[in-house]
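Engineer: model this:
(one chain, ligands or ions: 1)
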Amino acid sequence: MKNWSNILGHERPRGVFRRAIDGDRLHHAYLLTGPPGVGKFTTAHALAAVLNCKSRKADEFQPNCGECSPCRRIGDRQHPDVLFVEPPKRVIKISQIREVEKASISAPYEGRYRVVVINDAHTMTEEAANALLKTLEEPPERMILLVVTDQPHRLLDTIISRCQRLRFGALDEATVADALAVEEDDVDDDLLVVAAGFGEGSLGRSLAMLRSGMLADRREFLERLFELDSRSIIDWLDLADELSDSTDELESRLEIITVVMRDILLVKRADPERIINADLRELIESQAPRFSLEAILTTLDALMSAKRRLDHNVNATLLAEDLVDRIRDPDERALYPPA
Ligand SMILES: [Zn+2]
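Structural biologist: Numbering: from 1, shown residues only. Take a look at the predicted model:
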């Protein structure tokens, strides 16, 4: 767990918590929304420690110390008064919300507050959501509910209206790069900046890209991609085969091709300072003349639709084959659109 003082960005929602604790005006339920991987859950987890940290004086905000027994046990998810509800597979079941109901009957065992963090709350089944609603209608004393989701539109309106809503925005690239430097201390600074660009304001996504190792071998992959002959269908099918090795790999590769195509677009529009693959600028500038604007847009469309289908669990092999077929010769496609 990150301690409160190590969380980067999100001054506004964090300020709301700080002032509420200072004035002893904590609401009983908060809804933390915003894009994936920006720190909503991390903030909720750290808040549970802030509320129960031994070094905090009553009604006074202070970042958690990270050292005392409650801080350490909350960090390890071993504190009896801090409950985490998360989808074990795809959904949060009613039995999990029943545990929350059960806990809400008694006062906290040892902490100042009982804190319940419901992560990916939009995955609650209808029954689970209705059960949670009951707890929200009769909020127990000294219990704080932190409802975390990146898809609030999938929650019941009645749940949303009973929570104070806190919006978490995307992080700026410099903040992400700084946070990455803390997490991955043996990575080159240039690569950290590239990873921050790839994450589009999500620390989680940037970290995943960095840890996949695919950012590090982008150059090799892209050089190979650019050398493929559009007429050599066999080579493209080999590429599809390689891409579909694993869904994670496919996802990362799609992202890499998408970002490089956007970079090529920026170069064509004479705006090369904004490219994300800054370390590959030469390669990108050398490729730009090969692509017409139309070809770039056709390719980006194909990549977007492949990403959408990947989210819907379409077979990776079929998806990769369809994709290479669409990006293999984008100019031809643009000139001769399917009838
Ligand atoms: Zn502490």
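Engineer: Dump the longest strand along the chain to CSV, restricted to CA.
Structural biologist: Using DSSP state E, we find that the single longest strand of the chain is strand 143-149. Below are the C-alpha coordinates for strand 143-149, written out as CSV (Å, rounded to 0.1, in the frame of the first residue of the first chain):
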residue,chain,number,x,y,z
MET,A,143,-18.5,3.3,9.1
ILE,A,144,-17.2,4.8,5.9
LEU,A,145,-18.0,3.3,2.6
LEU,A,146,-15.7,4.0,-0.3
VAL,A,147,-17.2,2.9,-3.6
VAL,A,148,-14.6,2.8,-6.4
THR,A,149,-15.4,2.5,-10.1
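Engineer: Contact partners for residue 160?
Structural biologist: By CB atoms under 8 Å, 6 or more residues apart in numbering, residue 160 lies in contact with 31, 152. In this view, the C-beta of every residue, glycine as well, is placed from N, C-alpha and C.
Engineer: I meant residue 63, not that one.
Structural biologist: By CB under 8 Å, 6+ apart, the contact set of residue 63 is 3-5, 50.
Engineer: who touches the longest strand of the chain?
Structural biologist: 26-33, 40-41, 44, 47-48, 51, 103-104, 108, 113-122, 135-136, 139, 155, 159, 163.
Engineer: same thing but at 6 Å, please
Structural biologist: By CB atoms under 6 Å, 6 or more residues apart in numbering, the residues outside strand 143-149 that reach it are 29-33, 40-41, 44, 104, 113-119, 121-122, 163.
Engineer: Stretch 211-221 now?
Structural biologist: For stretch 211-221, contacts defined as CB under 6 Å, 6+ apart pick out 195, 209, 252, 256, 280.
Engineer: Okay, and the second one sits in which element?
Structural biologist: Using DSSP states H and E, residue 209 maps to helix 203-212.
Engineer: now do residue 223
Structural biologist: Residue 223 belongs to helix 218-227, assigned by DSSP H and E.
Engineer: That helix: what's the following helix or strand?
Structural biologist: Trace forward from helix 218-227 with DSSP H and E and the next one is helix 233-243.
Engineer: any idea how far that next one is from the chain center?
Structural biologist: Centre-to-centre, helix 233-243 and its host chain are 30 Å apart (CA atoms, centre = their mean, to the nearest Å).
Engineer: Could the C-alpha coordinates of that helix be exported in PDB?
Structural biologist: What follows is helix 233-243 as a C-alpha-only set of coordinates in PDB (Å, rounded to 0.1, in the frame of the first residue of the first chain):
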ATOM      1  CA  ILE A 233       0.800 -12.400 -47.300                       C
ATOM      2  CA  ILE A 234       2.700 -15.300 -45.700                       C
ATOM      3  CA  ASP A 235       4.900 -12.800 -43.700                       C
ATOM      4  CA  TRP A 236       1.900 -11.000 -42.500                       C
ATOM      5  CA  LEU A 237       0.200 -14.200 -41.400                       C
ATOM      6  CA  ASP A 238       3.400 -15.000 -39.500                       C
ATOM      7  CA  LEU A 239       3.000 -11.600 -37.800                       C
ATOM      8  CA  ALA A 240      -0.600 -12.300 -37.000                       C
ATOM      9  CA  ASP A 241       0.500 -15.600 -35.500                       C
ATOM     10  CA  GLU A 242       3.100 -14.000 -33.300                       C
ATOM     11  CA  LEU A 243       0.700 -11.200 -32.300                       C
END
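Engineer: Output the contacting helices and strands for that helix.
Structural biologist: Helices and strands touching helix 233-243, by 3 or more CB pairs under 6 Å, 6 or more residues apart in numbering; DSSP states H and E, are helix 316-327.
Engineer: In the stretch 101-250 of the chain, which residue sits nearest the ion?
Structural biologist: residue 111 (11.1 Å; CB to the ion).
Engineer: SS state for that residue?
Structural biologist: At residue 111 the chain is in coil, as set by DSSP: H, G, I helix; E, B strand; the rest coil.
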